[in-house]
Structure formats: C-alpha cells, structure tokens
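Novice: requesting a structural model of the entry that follows:
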Amino acid sequence: MTPTENSRTGTPGPEGRTAPAEAATEHLDVVIVGAGLSGIGAAYRLGTECPERSYAVLEARQSMGGTWDLFRYPGVRSDSDMFTLGYPFKPWAGEKVLAHGQAILAYIKETAAEFGIDRRIRYGTRVLGADWSSATARWTLTLERTDASGARVRQTLTCDFLYSCAGYYNYAQGHSPEFAGAEDFAGTLVHPQFWPEDPKGELYAGKRVVIIGSGATAVTLVPAMAEKAARVTMLQRTPTWISSLPSRDKVADLVRKVLPASTAHRVVRTKNILFAIGLYQFCQRSPKAARRVLTGLNRRVLQDDQLVRDHLTPTYNPWDQRLCAVPDADLFRSIKRGEAEIVTDHIDRFVPEGIRLASGRVLQADVVVTATGLQLLAFGGIAPRVDGEPVDLSKQFVWQGAMMTGVPNFAVCIGYTNASWTLRADLTSRLVCRVLNHMRRNQYAAVEPRPTGTLTARPLLDLAAGYVQRSIDAFPRQGDRGPWKVRQNYVLDATTTMRRRLDRTLAATPAHEVRQARAAAEKTAAPLHEAAR
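Specialist: Okay, the predicted model is just below:
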C-alpha cells in the first residue's frame, strides 16, 4: 500500500531559517527512521511480513547507505564478514570477505531497488521531535525537510508505530579530543568521518602521515594510505587486539560453485556465525589461551617478537573490546615493508612540524588523521516525549534488545558488539513485524513492554571501548534476566526471540479504547485544515 501524499508544504523562509510547522495531514502505519543497512533491511521485513501496513523511510541525508555512504576515507571497508553483515534474504555475491565501502553501498542500493524500497525513502527529512499521545495512541513527528535548493521546511505527520534504525552514533560529529598546540600544526588535520573529496589520494601522496588511534578505522587507514604516502605512523596510547583474516573465503567460494546462490549463502552464513560465536566464547572463557593464540599468529606474520610485545599485546583480554580484523595481514605487511610503523606513546602537544610525544620524540607529519573514535547518540538524536513529558532514557529498560519501557509503539535497532551488526538488526526487524501482527490480530492500538518484579540495571552496550564508555549513561539499560537481558549470542537469540509469548511482557491498550479519542481529535483538526487552505 502506498500512502497518499496529501500534505501541503509550507513556504520556505529566508535562507538559513525554517518555515513554521503546519498541521499534519498525512498518517502512516509505520515510520522507519534511517535508510542505512538497518533501515533498508527493516523496510524489506515490513513489506514482506506486514504487507498491509503503510510505511515510509525517513532519511536525514540526501542519499541512502548510512555509514557506507557517509564514510569516504581511504580503504573504508567492513570489519565483519559480508555473509553475516549482508542480508539473509539477499545473497552476497562479492569476492571479498571484508568488502570495501563502495561495494557495500552498491549492495544496499541494489537491495532497495530490487524490492521497491527505494520508492519509499524520503530524503533530506530529519526527525526533530517525536510525541506520543496515549489518548489517540499515535506518534506526532515534527520533521525538517531540506529540498533540492537547500531550503528547510517544517512539517508534521502522524504514525502508529515508530522504528528507529539510525544506529547509535552521531553522524554530524565524531569524537575529537582537544590536543594542546593543534592550532600550531603547519600541516593538514583531518577526521576520518569527514574526509575531504580526494579520489586520487592527493591529500597524502608522497607525504608523512600520522594516524592517531588503533581501532578499526586506524588499522584500515594505515595500509590504504601507505600505498601512496611517504611514510605512515599509527600512534596509539595503548595496543589493540588485531588479527589477520583471509580476504577470500575458500570454503565459501567452493560452496557457491556447487550450490544455488540462496542455499550457498545460508550455508556460509551459518558457518561464519558459528565460527564467530565460538571465537568469542573461547576468548571470554579462556583469555590466557586466546592471548597466546593471537600473539602467536601475529609473531608468525611479523617475525618480530619485540614489536608484537610492545605494540600488539594489550593489557585487556581479547574481546573485552571489539577485535580488529585486517584482511590478508595488510597492516602487518605494510610494517614489514617499512612503509608504516606503530608507535605506542602519549601525545604531549602538537608542534608546527608534527606531534611531540611524552617521551620527547617528535613525529614529523605533513598530515595528521585523528581516528579517535565515534560519538554515541541515542536513536539518531530522537528524544521521545510521552503525553508531553520528555522520557528519561537512562531510567528505561530495553526489552529483547528492541523495545523500551515507558515508550509505547516504539522500537530501536541496535546490532551486536561482538558479531555482525546485521545479525541482531534483522532479528529485531522480524520481532517488530511479529509485534505489529500481534497487535493487528488482537486489535491492540498500543503495546509497551513492562517487567514483572525488579530488574538490576546494566549498561546497554557491555563493551570497554572508550567510545562506548564516554556516552553509555545517556542510553536505556538492559536488565539481568530473560527478555530484558541483551545477550551477545545470535544462536540463543534466534531460538528464543521469535518464540517468547508476547502477552506476558507487553502491556496492551485495546483499539476500542482509543477510537473515540481519535475521532474527536480528527473532528477538531478538520476546521484547522480548512482555515489553513
């Protein structure tokens, strides 16, 4: 069902200003926020499992793809294998296990076009406010739409169910610590999240580069920039666990030769899921053995025990933070060839010629890349209000990793921290569809998860990474048991999420209780619409 576009847009105000909001004249059953990997997957599930529901995908940017359209830094690629990062309903046909960003973006766009999802996306549409009315059991969304000329128009629409697929970090701002003397640096300072247009790599060709950081972005940048730079230095305060992964999966290649594409995709996907879970459990249960395995593999490639000991052996245990994967040991090979080095030290201050370290050494640099991490932002910046009151997210609990106490008819898509994002994201989208069908069958206007008994609060993302610890207190919590605990195990989640009895933890509002309130609201709004004409 395609919703009828019957809302009138306001007149754009002067440049840089936003026209006042108009009365809502459009209603949708479901609104999905975000047209990235999660949002496109959610739209597919909604279109196939709840075909009677009208919906739209609201995207603040002017293009789909989310992370894979935003990030343009050299070598940008996935850090999860594409058989699990890809959709279960759309076989990954690429050769690379860890695919480049442009290949992932093309895959997302192809999926959206194949299933007609691209026609449901409204670009340049940012959600400024989300207000839930218990009386009418509806959300009223305040939107800011940016048209082709750059003018911003304020609009509103209503929906029955709101699903945030905007991820959990800030697209508009990365984490950028204050560095003493940064203004004195004579070279170029750039953050990976806002890489300048530079298709030929002229920004760093033949130049000395220092990359601050040692996470997934940094280990991707080093070998990619080393191909053209005079020298690349990865400057880290402390080491990170890094392990090599073959760029091609030989088993996958063989399976795809002998089985149909969809069957082969399921087989390889299952294999990779089990391997990832097994590796994570091994690291958590036998951390000393995991340390020996990882350091042994790195020594085998680098042939330098001192380098591994000083720069590639963290104090924390494997998978206390996310494990960084490098395809075909490209980072290590760049180091062996003398194109790159790792320096473990603290920054004293920037100086005109580069960075002075706490040890007194000065790293000469023409370009400094601050790969210092992400900044978390709950629900893409949406701050829900219920009956006029703002919701204190930090006091809410998440149910089945998807819905939240205190906020009816609202779901959020958050992936795994120890495995592919899409595994959890797709499971959440299927759960949302199950909830919607449960509401339709039982004629419920609203549902809200409510625990029985007292829950012990735990951080939603139980990860020691700095970018998580900096902002996690602003997020809702997970509990200590059952559907309130966010487990990092896809096999367990896949066997329980779709089988739990919804009526045991979802408090429901029957549709007949809100019909009169809706009718009264629509009757009141009618004269306003006529006056606006």
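
Novice: can you tell me which helix in this structure is longest?
Specialist: helix 261-285 (DSSP state H).

Novice: in it, which residues are buried?
Specialist: Using 16 or more other CB atoms under 10 Å as the test for burial, helix 261-285 gives 264-269, 271-273, 276-277, 279-280, 283. Placement of C-beta: from N, CA and C, glycine included.

Novice: ditto for stretch 295-312
Specialist: Under the neighbour-count criterion of 16+ other CB under 10 Å, stretch 295-312 has 295, 297, 298, 301, 302, 304, 307, 308, 311, 312 buried.

Novice: next one: stretch 174-183
Specialist: 174, 175, 179, 182.

Novice: closest one of those to residue 69?
Specialist: residue 174 (15.8 Å; CB to CB).

Novice: work out for me the element the closest one sits within.
Specialist: With secondary structure defined by DSSP states H and E, residue 174 is part of neither a helix nor a strand.

Novice: OK, contacts around it?
Specialist: 191, 192, 193, 194, 372, 373, 374, 375 (CB atoms under 8 Å, 6 or more residues apart in numbering).

Novice: grab the nearest non-local neighbour of it.
Specialist: The shortest distance from residue 174 to any non-neighbouring residue, by CB to CB, 6 or more residues apart in numbering, is to residue 193 (4.0 Å).

Novice: Three-state assignment for that neighbour, please.
Specialist: Three-state call for residue 193 (DSSP: H, G, I helix; E, B strand; the rest coil): helix.

Novice: so it makes contact with residue 71?
Specialist: Yes: between residue 193 and residue 71 there is a contact under CB atoms under 8 Å: 6.7 Å.

Novice: and these two? Which one has more around it.
Specialist: residue 193 (25 against 18; other CB atoms under 10 Å).

Novice: for that one, which residues are in contact?
Specialist: Per CB under 8 Å, 6+ apart, neighbours of residue 193: 70, 71, 174, 374.

Novice: how near is the second one to residue 374?
Specialist: Here residue 71 is placed at a distance of 11 Å from residue 374 (CB to CB, to the nearest Å).

Novice: swap in the first one?
Specialist: Separation of residue 70 from residue 374 (CB to CB): 11 Å.

Novice: comparing these two, which residue is more hemmed in?
Specialist: The residue with more neighbours, out of residue 70 and residue 374, is residue 374; 23 against 18, by other CB under 10 Å.

Novice: spatially nearest residue to the more buried one (excluding sequence neighbours)?
Specialist: In this structure, residue 374 finds its nearest non-sequential neighbour in residue 169, 4.2 Å apart by CB to CB, 6+ apart.

Novice: what's opposite the one you found in the beta bridge?
Specialist: Beta-bridge pairing for residue 169 (DSSP bridges): residue 376.

Novice: one step back: mind giving me CSV with the buried residues of stretch 295-312 and columns for secondary structure and distance to residue 489?
Specialist: Output for these, formatted as CSV (DSSP: H, G, I helix; E, B strand; the rest coil; distance: CB to CB, whole Å):
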residue, secondary structure, distance to residue 489
295, helix, 26
297, helix, 25
298, helix, 27
301, helix, 30
302, helix, 33
304, coil, 36
307, helix, 35
308, helix, 31
311, helix, 32
312, coil, 28
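
Novice: farthest pair in these?
Specialist: Maximum pairwise distance among these (CB to CB): 15.0 Å, between 297 and 311.

Novice: for this protein, which strand is longest?
Specialist: Longest among the strand segments of the chain by residue count, using DSSP state E, is strand 152-164.

Novice: what strands line up against that one, and which way round?
Specialist: Sheet pairing for strand 152-164, using DSSP bridges, gives strand 18-19 (parallel), strand 27-33 (parallel), strand 138-146 (antiparallel), strand 410-412 (parallel).

Novice: number of nearby residues for residue 224?
Specialist: Per other CB under 10 Å, the neighbour tally for residue 224 reads 22.

Novice: you'd agree it is up against residue 72?
Specialist: No: the criterion here is CB under 8 Å, and residue 224 misses it with residue 72 at 11.9 Å.

Novice: may I see the domains of this protein written out as residue ranges?
Specialist: For the chain, automatic domain parsing gives the domain ranges 22-171+375-454+482-532, 191-370.

Novice: buried deepest among the ones you listed, which one?
Specialist: domain 22-171+375-454+482-532 (a mean of 19; mean count of other CB atoms under 10 Å).

Novice: now do residue 326 against residue 103, distance only.
Specialist: 18 Å.

Novice: and if you look at residue 449?
Specialist: From residue 449 to residue 103 the distance is 38 Å (CB to CB).

Novice: same check, this time on residue 207
Specialist: Using CB to CB, residue 207 is found at 28 Å from residue 103.

Novice: can you check residue 453 too?
Specialist: 48 Å.

Novice: how about residue 511?
Specialist: Relative to residue 103, residue 511 is positioned 45 Å away (CB to CB).

Novice: any chance you could read off phi and psi for the residue nearest to residue 346 when sequence neighbours are not counted?
Specialist: Nearest non-adjacent residue to residue 346, counting by CB to CB, 6+ apart: residue 358, 4.1 Å away. Backbone geometry at residue 358, expressed as degrees, to the nearest 10, gives phi -60, psi -30.

Novice: check the one 3 residues further on too.
Specialist: The phi/psi pair for residue 361 (degrees, to the nearest 10) reads phi -70, psi 140.

Novice: that one - nearest residue in space that isn't next to it in sequence?
Specialist: Counting by CB to CB, 6+ apart, the residue nearest residue 361 is residue 345, at 7.1 Å.

Novice: and the one you found, backbone torsions?
Specialist: Backbone torsions for residue 345, taken as degrees, to the nearest 10, come to phi -170, psi 170.

Novice: quick check: the residue minimising distance to the centre of the chain vs residue 49, distance?
Specialist: Nearest to the mean C-alpha position of the chain, by CA atoms, centre = their mean, lies residue 167 at 3.7 Å. Separation of residue 167 from residue 49 (CB to CB): 22 Å.

Novice: residue 350: which element?
Specialist: strand 347-351.

Novice: which outside residues touch that strand?
Specialist: With CB under 8 Å, 6+ apart, strand 347-351 has contacts from 179-185, 212, 235, 355-358, 360, 362, 368.
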